[in-house]
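Student: Mind looking at a prediction? Sequence and model below.
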Amino acid sequence: MSETVSMSIRDRVAVVTIQRPQHRNAVDLPTAKHLLAAFKSFDANDEADVAILTGAGGAFCAGADLKALAAGERKPVNPDGEFAPMGPTRLRLRKPVIAAIEGPAVAGGMELALWCDLRIVGRSAVLGIFNRRFGVPLVDLGTFRLPRLIGHGRALELILTGRPVEAQEALAIGLVNAVVDDGTALESALAWAKKISAFPQNALRNDRMSVIEQWDLDEASAIANEIKHGLATIQSGETLSGSSRFSDGVGRHGKFT
């Protein structure tokens, strides 16, 4: 899509790659705009069910490009609109995104990872709020995504100390979903994505959206919202089709395909 962001489609999986390895894939203003455009394109593409976000050259993303900021670049930081300083982190997509993380996913790069639905990391990966050292705020929704993911106390510890979190600790506290051998995060993310893509998509997307939306709702509204999404799945015909396949013998006895 640009010199700094690429996107390819592989078997209904969109792979979005930050292509600034010389800057540890730090995101400047043009890159943020290209990331936003890439994920809007993915969400509108009926040929792709799942996206993967990764970085070139052994780094996921080192955050905002502070050298560009020091040189005078200014990203808009506004309460309204879909653009965020790291690009897509305000988007609420219809379809899931997996982060394939090698090396650092720190500062705004960690906020990009938090925006994704799932996170798969290489064993040497490091996450952390490294921007704490430089007076750079969390403005890509890290202050509420992180505590929702790992809990209030742990989130405050990472936000206040800015300390590094290595892969095994990240797995233990629920910050990431899987740790894999270095150099295989993208391969593993592709395998996960293809499994997700193989499922009936209406139920999967509606259940996912109900999970996301419940954070903004009281219990009664969350129940009503789940029913609304569930009825949309049933009305699509997907539930009856799946029931018919089960009746014909598909997927019985725990077979998971």
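Tutor: Ah, there it is.

Student: Spit out the contact partners of Ala105.
Tutor: Going by CB atoms under 8 Å, 6 or more residues apart in numbering, Ala105 touches Phe60, Cys61, Ala99, Leu112, Ala113, Arg119, Val121, Ala125, Val126, Leu127. Any C-beta I mention is one placed from the backbone N, CA and C, and that applies to glycine too.

Student: Bridge partners for it, pull those for me.
Tutor: Beta-bridge pairing for Ala105 (DSSP bridges): Cys61, Leu127.

Student: measure it to Gly142 for me?
Tutor: 12 Å (CB to CB, to the nearest Å).

Student: thinking Gly230 is in contact with Asn202, fair?
Tutor: No: between Gly230 and Asn202 there is no contact under CB atoms under 8 Å: 10.4 Å.

Student: residue boundaries of the strands in the stretch 1-150 of the chain?
Tutor: 5-10, 13-18, 50-55, 97-101, 104-106, 118-122, 126-128 (DSSP state E, counting those that start in this stretch).

Student: Could you point out which of the ones you listed sits nearest Glu213?
Tutor: Shortest distance between Glu213 and these, using CB to CB, is found for strand 97-101: 16.6 Å.

Student: Any buried residues in the closest one, and which?
Tutor: Of all the residues in strand 97-101, those buried under the rule 16 or more other CB atoms under 10 Å are Val97, Ile98, Ala99, Ala100, Ile101.

Student: quick one: contacts for the first one?
Tutor: Read that as Val97. Applying CB under 8 Å, 6+ apart, the residues near Val97 are Phe39, Val50, Ala51, Ile52, Leu53, Trp115, Cys116, Asp117, Leu118.

Student: Kindly recompute the last result at 6 Å.
Tutor: Shown in contact with Val97 (CB atoms under 6 Å, 6 or more residues apart in numbering): Ala51, Leu53, Cys116, Asp117.

Student: Please identify the one among the buried residues of strand 97-101 that lies nearest to Ser188.
Tutor: The closest of the buried residues of strand 97-101, once distances to Ser188 are taken by CB to CB, is Ala100, at 7.3 Å.

Student: Bridged to that closest one, which residues?
Tutor: Ile120.

Student: okay but it is in contact with Gly55, surely?
Tutor: No: judged on CB atoms under 6 Å, Ala100 makes no contact with Gly55 at a distance of 8.5 Å.

Student: quick one: least confident helix or strand in this protein?
Tutor: helix 238-247 (a mean of 79; mean pLDDT, DSSP states H and E).

Student: which of the residues in it are buried?
Tutor: So helix 238-247, judged by 16+ other CB under 10 Å, has buried residues Glu238, Thr239, Gly242.

Student: what sits against the closest residue in space to Leu158 that isn't next to it in sequence?
Tutor: Nearest in space to Leu158, with sequence neighbours left out and distances taken as CB to CB, 6 or more residues apart in numbering, is Ile129 at 5.5 Å. Contacts for Ile129 (CB under 6 Å, 6+ apart) come out as Leu158, Ile159, Gly162.

Student: how far away is the second one from Ala84?
Tutor: It stands for Ile159. Taking CB to CB, one finds Ile159 at 18 Å from Ala84.

Student: So those two - more neighbours on which side?
Tutor: Ala84 (24 against 17; other CB atoms under 10 Å).

Student: who touches the more buried one in this structure?
Tutor: Counting by CB under 6 Å, 6+ apart, Ala84 touches Arg90, Asp140.

Student: can you tell me how far it sits from Gly128?
Tutor: Distance, Ala84 to Gly128, using CB to CB: 20 Å.

Student: what does Leu231 give?
Tutor: 42 Å.

Student: want to try JSON lines for the buried residues of helix 238-247, with distance to Glu187 as columns?
Tutor: Formatted as JSON lines, those follow (distance: CB to CB, whole Å):
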{"residue": "Glu238", "distance to Glu187": "30"}
{"residue": "Thr239", "distance to Glu187": "33"}
{"residue": "Gly242", "distance to Glu187": "29"}
